[in-house]
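Novice: 3D model of this:
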Amino acid sequence: MSKKSLLLFCLALLALLGQAQVNSTLIRSHIKILSSDSLEGRGTGTAGEKLAIAYIQSQWNKIGLLPKGDGKLFTQKFTFKGGIHGTGEEGTAYNLVGFIDNQAANTIVIGAHFDHLGLGNQGSSLDANPQNKIHNGADDNASGVAGVIELARYFQMNKIKESTNFLFICFSGEELGLYGSKYFTENPTIDLTKVSYMINMDMIGRLDPQSKSLAVSGTGTSAAWEPLLKKLSSEKLMIKTDSAGVGPSDHTSFYLKNIPVLHFFTGSHSDYHKPSDDAEKINFEGEKEILELIIRLVENLDKQPKLTFLATKNKSMGSARAFKVTMGVMPSYTSSEEGLKVDGVTEGKPAQKAGIVAGDVIVQIGSYQIKDMQGYMDALGKFEKGQVVPVKLKREKEIITLNVTF
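Specialist: This is a model prediction of the structure:
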């Protein structure tokens, strides 16, 4: 081997050694531990959630993150109102905040909530009889927390340092109303004006191995998002975008502080907010693909100026306020079919009583054609409780009509 060839080989080897790797075995381990019965569903402020805190802190200590919570701690304490719709007693909970200081001017925030529904007594379970059943929340949101831990490991161990700092946050109180992220953005431990963007991972563990469809919302909050995600979309991950910066997860709190956001989500399913959301149903290799996509996104933006924030419209907000009825379906946010594809149905609600099942695609409600999510929500605003309405849907290759009683 010539000296020149040897030099090129050594440079290539050094470059390879400088690249950290995402490990699906570690993802599996994190999710299995965080969604185990011993944590009793990680209810906000509970003993089970404190076990989750201890586990996350132990991982961050091994990785070598800097504490960025209260004082010299990872934890950031806040109070919340428990019970259904915040009608219960006041409690204490904690965000977890860790930092990689690359001596840069700006910072990227990467977050996920680690609380879930505990023993099903807070009113948001979709199980028919949820009381005192452990809601393990493997997808929602042990999957997102595993993502935070492994991205922290990657960016800490990667010898090719980025030109930005990283703030990693695991939020509590999300299921009760974004308590933790609201508290952090009102009481930040870094200068929020120096945050370039925020990435939120909430339910990234159920990538469909056939469609490989990944929903990414918030793409209207920066001019950089759409062209970059179009570039990164591939047969391995088919990215479906939504421009809205406001949604039912923690990125909303950052959007409301004029920070560009992205929310990564693999879609609803029949185990959503039920005791059956368990670790054996997670697509660990699929989550690995998503984390590698996020890494490529960060690397593509490295050396770029701080992103400029853009305000977005949230089309669903007005329609949601007009609802007088509900069908009780969990819509697919990743389907590209015309109509509204049903990922799951809630027991005891009109859809389930009428015979609608997961996989059905709703194409018409009454006289209203349904082409997408917005059309579905617009149609719901037209009906009253007690009405019996024909619902036309596609079930595999068949078109059927069922009568739904609202």
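Novice: spatially speaking, which residue is in the middle of the protein?
Specialist: Averaging the C-alpha coordinates of the chain gives a centre point, and the residue nearest to it by Cα atoms, centre = their mean is residue 202 (1.4 Å).
Novice: OK, contacts around that one?
Specialist: Going by Cβ atoms under 8 Å, 6 or more residues apart in numbering, residue 202 touches 112, 113, 140, 141, 144, 174, 249, 250, 263, 264, 265. Every C-beta, even on glycine, is put in place using the N, C-alpha and C of the backbone.
Novice: Per-residue pLDDT of it, please?
Specialist: Per-residue pLDDT puts residue 202 at 98.
Novice: next one: the one 10 residues further on
Specialist: For residue 212, the model assigns a pLDDT of 94.
Novice: what phi and what psi does the backbone show at residue 289?
Specialist: The phi/psi pair for residue 289 (degrees, to the nearest 10) reads phi -60, psi -40.
Novice: Which residue is the nearest non-sequential neighbour of residue 65?
Specialist: Leaving aside its sequence neighbours, residue 65 sits nearest to residue 98 (Cβ to Cβ, 6 or more residues apart in numbering; 3.4 Å).
Novice: Same question for residue 365.
Specialist: Using Cβ to Cβ, 6+ apart, the closest residue to residue 365 is residue 379 (4.5 Å).
Novice: Could you do residue 164 as well?
Specialist: Spatial nearest neighbour of residue 164, excluding adjacent residues (Cβ to Cβ, 6+ apart): residue 104 at 4.8 Å.
Novice: residue contacts, that neighbour?
Specialist: Shown in contact with residue 104 (Cβ under 8 Å, 6+ apart): 162, 163, 164, 165.
Novice: Would you confirm that the first one contacts residue 106?
Specialist: No: with contacts defined as Cβ atoms under 8 Å, residue 162 does not count as touching residue 106, sitting 10.5 Å away.
Novice: do you know how far residue 78 is from residue 313?
Specialist: According to Cβ to Cβ, to the nearest Å, residue 78 stands 30 Å off from residue 313.
Novice: Settle it for me: which of these two has more neighbours?
Specialist: residue 78 (22 against 12; other Cβ atoms under 10 Å).
Novice: Pretty sure that one sits in a strand.
Specialist: Yes: assessed by DSSP: H, G, I helix; E, B strand; the rest coil, residue 78 belongs to a strand.
Novice: Report the beta-bridge partners for it.
Specialist: Counting by DSSP bridges, residue 78 forms beta bridges with residue 93.
Novice: All further residue positions should be reported with the first residue as 208.
Specialist: All set: I'll call the first residue 208, so the last point we hit is now residue 285.
Novice: Kindly give the local confidence score, pLDDT, for it.
Specialist: On the pLDDT scale, residue 285 is placed at 97.
Novice: Understood, closing this out.
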